[in-house]
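> Take this sequence and fold it.
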Amino acid sequence: MAMNIPAEGGADEVVSAINTTPLVDVMLVLLIIFLITIPVVNYSVPVDLPKERNEVREAKPEDIVISVDAGGRLFWLDAPVKNTEDLVARLKKIAVMNPQPEVHIRGDFKSDYEPVGRIIYACQRAGIVKIGFITEPPARS
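Just a heads-up that it's a prediction; the model follows:
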């Protein structure tokens, strides 16, 4: 090691270089802290989340399509449905068929969830086993 001895005037020279050793020490300590705490952040309850999938299915002629427009009105194929009790009565006639047709629900993007919930509840009351939702595929960019 070399030693720097000041000149005979005795004045120390100003060091203009930045000492990065404390910065590196702090960064290494933070890195160690993060590496230790990351496994603790993981959730402890094991849950299998559903995966997104898009099934292309062909509609059969016997399938029933119930639509909900933006105003919340119900339609059986293209005919308007008066109320939920009328819908349940129609669905009960369909539920006894063998094989039982599927019910497909088309909900308008701007409608509330309540009419769709009424359709699902009516299907449950009538004994319909298979219910599906008709949606548009996501737009590809």
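
> Only C-alpha atoms from now on, for both contacts and neighbour counts.
Will do.

> Please, where are all the strands along the protein?
64-68, 74-76, 79-80, 103-107, 131-133 (DSSP state E).

> Please tabulate those strands in a markdown table, including the columns mean pLDDT, mean neighbour count and distance to residue 23.
Compiled in a markdown table, the strands of the chain are given as follows (pLDDT from 0 to 100; neighbours: other CA atoms under 10 Å; distance: least, CA to CA, whole Å):
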| stretch | mean pLDDT | mean neighbour count | distance to residue 23 |
| --- | --- | --- | --- |
| strand 64-68 | 90 | 22 | 63 |
| strand 74-76 | 91 | 19 | 67 |
| strand 79-80 | 90 | 12 | 72 |
| strand 103-107 | 90 | 20 | 58 |
| strand 131-133 | 88 | 14 | 58 |
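
> Dump those into JSON lines; add distance to residue 28 as well.
Output for the strands of the chain, formatted as JSON lines (distance: least, CA to CA, whole Å):
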{"stretch": "strand 64-68", "distance to residue 28": "59"}
{"stretch": "strand 74-76", "distance to residue 28": "64"}
{"stretch": "strand 79-80", "distance to residue 28": "69"}
{"stretch": "strand 103-107", "distance to residue 28": "55"}
{"stretch": "strand 131-133", "distance to residue 28": "53"}
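
> Quick one: closest of those to residue 27.
Nearest to residue 27, of all the strands of the chain, is strand 131-133, at 52.4 Å by CA to CA.

> what's the distance between the spatially closest residue to residue 69 that is not a sequence neighbour and residue 116?
Spatially, and ignoring its direct neighbours in sequence, residue 69 is nearest to residue 108 (5.2 Å; CA to CA, 6 or more residues apart in numbering). Separation of residue 108 from residue 116 (CA to CA, to the nearest Å): 10 Å.

> list residues touching both of these two?
Common contact partners of residue 108 and residue 116 (CA atoms under 8 Å, 6 or more residues apart in numbering): residue 68.

> Compare those two (neighbour count), which wins?
Higher neighbour count among residue 108 and residue 116: residue 116, with 21 against 16, using other CA atoms under 10 Å.
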